[in-house]
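Participant: Sequence first, predicted coordinates after that:
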Amino acid sequence: MRSFPLRARRVRPLAHYQPVDEVVKWAAPRGAARGKYDARMGPSDQLPLGLEWDIEPASWHVDDGALEVVAAGSTDNFVDPAGSVVALNSARALAVAPRLGWQFSARVAVDFKAEYDAGVLVLWSGERHFAKLCFERSPQGEAMVVSVVTREVSDDANAWIVDAGAVWLRISSVAEGVYAFHAGGDDAPWDIVRYFALSGGEPMKYGLAAQAPVGTGCTVTFTHLEFSETRLQNLRDGS
């Protein structure tokens, strides 16, 4: 496990990687002043980017280009390989993904209260075939990038500590049934977290989730949500 202050590193903006005419954005670009957003992104009871709740959270709210989700306590999506825990009840909003060649990203902040509280980007092809890219609190009280891939049972892999209050997360469809997870800071390049295959008995969906497996709940804020039907050009450097 590596540890470094993400906020101290430099990054090219996402727009450098993705042609503007092929990107569906639900927020102002990085660096834009807060409040500079389309009026349709004001207070709303509609989820962005065609997402629909598969399991609703304790509460949620859309305003000023931000989606705030309150996770109920004792919620998670995890199938323990030892068989001791099967939890499939965390709030998640999903949309059907194109067959290949797309990217989905967001800036994620979490009001951490208990270990394993997390804001999540998710791939979902059924209750035994899913993957999570998480901004999660560790048992040591540190914010971390964590990934989980479930093929009948889940694995669980810590990536690195995040020395900041939020992190950028991204899912990329690399080829049919093949995906990459990347993460980065506000002023940091994308770093690869995971490169993996995933398929299941249901059409693949992408989306977001909020979890509080052992605590009483937490609040996750998703901003700069963006979906792009563009291909990842370089797996390793994230461009």
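Facilitator: That came through fine.

Participant: burial measure for Gly73, as a count.
Facilitator: 16 (other C-beta atoms under 10 Å). (Each C-beta comes from the backbone N, C-alpha and C, glycine too.)

Participant: typed the wrong thing, it's Asp187
Facilitator: Neighbours of Asp187 using other C-beta under 10 Å come to 14.

Participant: so what's the residue nearest the centre of the chain scoring on pLDDT?
Facilitator: Taking C-alpha atoms, centre = their mean as the criterion, Leu121 is the residue nearest the geometric centre of the chain, at 2.2 Å. At Leu121, the pLDDT value in this model is 98.

Participant: For this protein, give me the ranges with low pLDDT.
Facilitator: 1-44 (pLDDT under 70).

Participant: do that again at 90, thanks
Facilitator: 1-45, 64-65, 84, 99-100, 187-188, 201, 237, 239 (pLDDT under 90).

Participant: sorry, back to before: and the residue nearest to the centre of the chain, what element?
Facilitator: Leu121 belongs to strand 118-124 when assigned by DSSP states H and E.

Participant: Relative to Gly141, how far out is the residue nearest to the centre of the chain?
Facilitator: 23 Å (C-beta to C-beta, to the nearest Å).

Participant: do Gly238 as well
Facilitator: From Gly238 over to Gly141 the distance is 28 Å, taken as C-beta to C-beta.

Participant: Look at the two and report which has more neighbours.
Facilitator: Each of Gly238 and Gly141 has its neighbours counted (other C-beta under 10 Å); Gly238 has more, 22 against 9.

Participant: what about that one, which SS state?
Facilitator: Per DSSP: H, G, I helix; E, B strand; the rest coil, the secondary structure class of Gly238 is coil.

Participant: wait, isn't it in contact with His182?
Facilitator: Yes: between Gly238 and His182 there is a contact at 4.7 Å, judged by C-beta atoms under 8 Å.

Participant: ok so, going back, for the strand holding Leu121, enumerate the helices and strands it packs against.
Facilitator: If you count contacts as 3 or more C-beta pairs under 8 Å, 6 or more residues apart in numbering; DSSP states H and E, strand 118-124 packs onto strand 91-96, strand 103-111, strand 129-137, strand 166-175, strand 205-211, strand 217-228.

Participant: Quickly run through the sheet partners of that strand, with directions.
Facilitator: Looking at strand 118-124 with DSSP bridges, its partner strands are strand 129-137 (antiparallel), strand 205-211 (antiparallel).

Participant: The longest one vs strand 103-111, what angle?
Facilitator: Counting by axes from the mean of the first three to the mean of the last three C-alpha atoms, to 10 degrees, strand 129-137 points 40 degrees away from the direction of strand 103-111.

Participant: what do you get for the last one?
Facilitator: Counting by the same axes, to 10 degrees, strand 205-211 lies at 10 degrees to strand 103-111.

Participant: contacts for strand 205-211?
Facilitator: 51, 54, 57, 67, 69-71, 75-77, 90-97, 102, 104, 106, 116-125, 132, 134, 171, 218-220, 222, 225, 227 (C-beta atoms under 8 Å, 6 or more residues apart in numbering).

Participant: rerun at 6 Å
Facilitator: With C-beta atoms under 6 Å, 6 or more residues apart in numbering as the test, strand 205-211 has contacts from 51, 57, 69, 71, 75-76, 90-97, 104, 118-124, 220, 222.

Participant: Nice, that's everything, thank you.
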